[in-house]
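**Student:** This is the structure alone, sequence omitted:
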């Protein structure tokens, strides 16, 4: 958890308190004062969301190397190994799913991994029944390996592995510095 996560939590609780205060003031018959409270609150939220959007424009894409973990709280994923496969021109990627938690079991929902090339083309993994799902429950300090195979055309160059979230409620849209709005998701560089 970083400072921006804590700031989001503070903004969330302030939002709840402000909304409840405006509701109580309105119920007591002071509608004009309640509207002033909500107007000030709306301006503050607009400034906060403007900062979130601006940082997503300014911050560069996070680029990591093979073996470096990408963590979402205490759940991490890292690219351990990348191999070119002769069968169906493609690539096999070995990933390590791990938990830094010391007491609680956990999982991460909505994690997606795909390849991209220098043209921005997306290559999704070939679904296999034997694939370990990314949302598997991990015990404290546990780690497991997961493999994904990708079919990649010969004209694809400068490949990288993208690790991101898709689906679900986009909570990152409201937290400064997350990979949302205009910021591209984390890229793991594959050595040539």
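**Tutor:** Structure's in. What do you need? Bear in mind that the values here come from a model prediction, so they are computed numbers and not experimental data.
**Student:** what kind of secondary structure is residue 51 in?
**Tutor:** Three-state call for residue 51 (DSSP: H, G, I helix; E, B strand; the rest coil): helix.
**Student:** which strands and helices sit next to the helix or strand containing residue 149?
**Tutor:** Using DSSP states H and E, residue 149 sits in strand 143-151. In terms of contacts (3 or more C-beta pairs under 8 Å, 6 or more residues apart in numbering; DSSP states H and E), strand 143-151 is packed against strand 90-99, strand 111-116. C-beta coordinates here come from the backbone N, C-alpha and C atoms, glycine included.
**Student:** for those strands, which one sits closest to residue 27?
**Tutor:** strand 111-116 (44.0 Å; C-beta to C-beta).
**Student:** Just the buried positions in that closest one, please.
**Tutor:** By neighbour count on 16 or more other C-beta atoms under 10 Å, the buried set for strand 111-116 is 111, 113, 114, 115, 116.
**Student:** ok now whichever helix or strand comes after that strand, how far from the chain's centre?
**Tutor:** Using DSSP H and E, the helix or strand that follows strand 111-116 in sequence is strand 122-123. Put simply, strand 122-123 sits 18 Å off its chain's centre (C-alpha atoms, centre = their mean, to the nearest Å).
**Student:** Summarise which helices and strands strand 122-123 is packed against.
**Tutor:** On a contact count with 3+ C-beta pairs under 8 Å, 6+ apart, strand 122-123 meets strand 111-116.
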